[in-house]
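Chemist: dropping the sequence and predicted coords here.
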Amino acid sequence: MRTFFLVWSGQLVSSLGSSLTRFGLGVWVFEKTGSATSFTLILFFAVLPGILLSPVAGAYVDRWDRRRVMIATDAGAALGTLVIALLLFAGRLEMWHIYTVVAAGGALGAFQGPAHGATTSLLVPKEQFARAVGLVQFGQAGVRIAAPVAAAALMATIGFRGILLIDFATFLFAAGTLLLVAIPSPARAAARGRKPPIWREAAYGWRYLLERRGLAGLVAVFAVVNLAMAIAQGVYQPMVLSTASRTALGTISSIGGLGMLSGSLLLSVWGGPRRKMHGVLGAAGLAGLFHVLFGIRAAEPVWAAALFGVLFTVPFVTGSVTAVMMRKVAPDVQGRVFATIQMVAMSSTPVAYLVAGPLADRVFEPLLRPGGALAGSVGSIIGVGPGRGMGLMMIVGGTVMALATLAGILDPRIRNLEEELPDAVDAAPASPDAVEESAAD
């Protein structure tokens, strides 16, 4: 557990730096362009490379030393942040520079995410998986509370340039903590012959899911949930900034972080419901309803309460689903399977980010301007003016999330996943290709 805590602390500090940059970058871009499309394109380029590379990245993570993978990706992310900072200092930072750097960061994240996720199951007893994930979420909640307020204050003092330099330092700190620890390798089947081509190892993640109907169904549900949530996330900051200040945005974001902190603390102490699928589907459906509340009214207290509710549910969704995955997927193939799950579940996200901005700028916002097509109907309920079209997008997205999770509850294969699929953590290496795929490095 000491190793787990050290790795966790390094990644937590790095996450704080990244959150400062995300907030500062969102404000800088929207104030410079006034366009929701420019903002959501950053999100699009940040996630697309990671999704495309996930299966191959997961296969390499299972072959390589996972500690070295995390060190390399932290160092690469630090370099990207430094590039943006230098361009900004020189007065030459353009949107295409930002798109390029965030795309490179997304590609590195395709390796870092599976490596970090697969490492946790090697450091923590399976009975403590949910609590360990809860602790991770607890740290992330603290970051969500501190980062927006701190970033808003730093933007007014040291500016976006100073925030980028802080982010660079936090990446180096995270890499340094990894240099101090030893992470065990997962048990592998006896090696015979040469390793198969990397594409064959990558394809194993797909076969693993397709052979397990409940697991595949759960991933499909979250592909829909992530589509709706990504559209909401894509317009959240532009919607608030349309009528409120950057300080108000920071305050609302921090209150949301308190929701995540509360949920994470409860999950860490309690461990979540005995049947983790109740936590997964119930919390995801509740998050959808809070998204609906977020779009109902353009008022800072309503936004703060809704974001508190949304982020309160996040630890229960991610903590419960991660605990299920770590119990049901053998450690020697977790890199590949987790990467494939991430690719399928998140495959809808870049589509959402790509369309969210144009939908907001060209469709929903004009519909709810004074005199717009929906101003006299929907507008009489949720209001008209700047940001109200994006509020309607929030309502639609939240409704889709709630319906998707309801479909998951009604499917017995998904609902009873924990009982129907045996635990794999204590089993022998699970891959049917393990004889070839686990050859010594």
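Modeler: It's in.
Chemist: which residues of the stretch 101-250 of the chain fall in helices?
Modeler: Here the stretch 101-250 of the chain has its helices, by DSSP state H, counting those that start in this stretch, at 129-157, 159-179, 198-210, 213-243, 246-270.
Chemist: would you turn those into TSV with mean pLDDT?
Modeler: As requested, the helices of the stretch 101-250 of the chain are exported to TSV (pLDDT from 0 to 100):
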stretch	mean pLDDT
helix 129-157	76
helix 159-179	86
helix 198-210	72
helix 213-243	87
helix 246-270	84
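Chemist: Arg388 is nearest to which of those helices?
Modeler: helix 213-243 (8.7 Å; Cβ to Cβ). (C-beta placed from N, C-alpha, C; glycine too.)
Chemist: in that closest one, what counts as buried?
Modeler: 214-242 (16 or more other Cβ atoms under 10 Å).
Chemist: if we can go back for a sec, wait, which of the helices of the stretch 101-250 of the chain is closest to Phe5?
Modeler: Short answer: helix 129-157, nearest of the helices of the stretch 101-250 of the chain by Cβ to Cβ, at 8.5 Å.
Chemist: ok, back up a step: minimum distance to Ser9: which of the helices of the stretch 101-250 of the chain has it?
Modeler: The minimum distance between Ser9 and the helices of the stretch 101-250 of the chain falls on helix 159-179, with 6.4 Å, by Cβ to Cβ.
Chemist: what is that closest one packed up against?
Modeler: helix 2-33, helix 66-89, helix 129-157 (3 or more Cβ pairs under 8 Å, 6 or more residues apart in numbering; DSSP states H and E).
Chemist: which residues touch that helix?
Modeler: By Cβ atoms under 8 Å, 6 or more residues apart in numbering, the surrounding residues in contact with helix 159-179 are 6-7, 9-11, 13-14, 16-18, 20-21, 24-25, 27-28, 67, 70-71, 74-75, 77-78, 81-82, 84-85, 88-89, 151, 154-155.
Chemist: distance from it to the middle of the chain?
Modeler: 20 Å (Cα atoms, centre = their mean, to the nearest Å).
Chemist: now do stretch 228-236
Modeler: Using Cα atoms, centre = their mean, the offset of stretch 228-236 from its chain centre is 12 Å.
Chemist: any chance of TSV for the helices and strands packed on helix 159-179, columns mean neighbour count and distance to Gly397?
Modeler: Converted to TSV, the helices and strands packed on helix 159-179 look like this (neighbours: other Cβ atoms under 10 Å; distance: least, Cβ to Cβ, whole Å):
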stretch	mean neighbour count	distance to Gly397
helix 2-33	19	19
helix 66-89	19	29
helix 129-157	21	20
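Chemist: and Asn416, which of those helices is closest to it?
Modeler: That would be helix 129-157 among these, by Cβ to Cβ, at 18.7 Å.
Chemist: name the helices or strands packed onto that closest one?
Modeler: Counting by 3+ Cβ pairs under 8 Å, 6+ apart, helix 129-157 packs on helix 2-33, helix 95-123, helix 159-179, helix 246-270, helix 300-328.
Chemist: in the third one, which residues are buried?
Modeler: For helix 159-179, the buried set under the neighbour-count rule, 16+ other Cβ under 10 Å, comprises 160, 163-164, 166-168, 170-171, 173-175, 177-178.
Chemist: okay, that helix in CSV with CA atoms only?
Modeler: Extracted C-alpha coordinates of helix 159-179, given in CSV (Å, rounded to 0.1, in the frame of the first residue of the first chain):
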residue,chain,number,x,y,z
GLY,A,159,-1.6,34.8,-16.0
PHE,A,160,-2.0,31.8,-18.2
ARG,A,161,1.8,31.7,-18.8
GLY,A,162,2.4,31.1,-15.1
ILE,A,163,-0.2,28.4,-14.9
LEU,A,164,1.5,26.5,-17.7
LEU,A,165,4.9,26.6,-15.9
ILE,A,166,3.2,25.3,-12.7
ASP,A,167,1.7,22.4,-14.8
PHE,A,168,5.1,21.6,-16.2
ALA,A,169,6.6,21.3,-12.7
THR,A,170,3.8,19.0,-11.5
PHE,A,171,4.5,16.6,-14.4
LEU,A,172,8.1,16.4,-13.4
PHE,A,173,7.1,15.7,-9.8
ALA,A,174,4.8,12.8,-10.9
ALA,A,175,7.6,11.3,-12.9
GLY,A,176,10.0,11.7,-9.9
THR,A,177,7.7,9.8,-7.6
LEU,A,178,7.6,6.9,-10.0
LEU,A,179,11.4,6.7,-10.0
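Chemist: and the angle from it to helix 66-89?
Modeler: 160 degrees (axes from the mean of the first three to the mean of the last three Cα atoms, to 10 degrees).
Chemist: likewise for the fourth one?
Modeler: In this structure, helix 246-270 runs at an angle of 170 degrees to helix 66-89, with the same axes, to 10 degrees as the basis.
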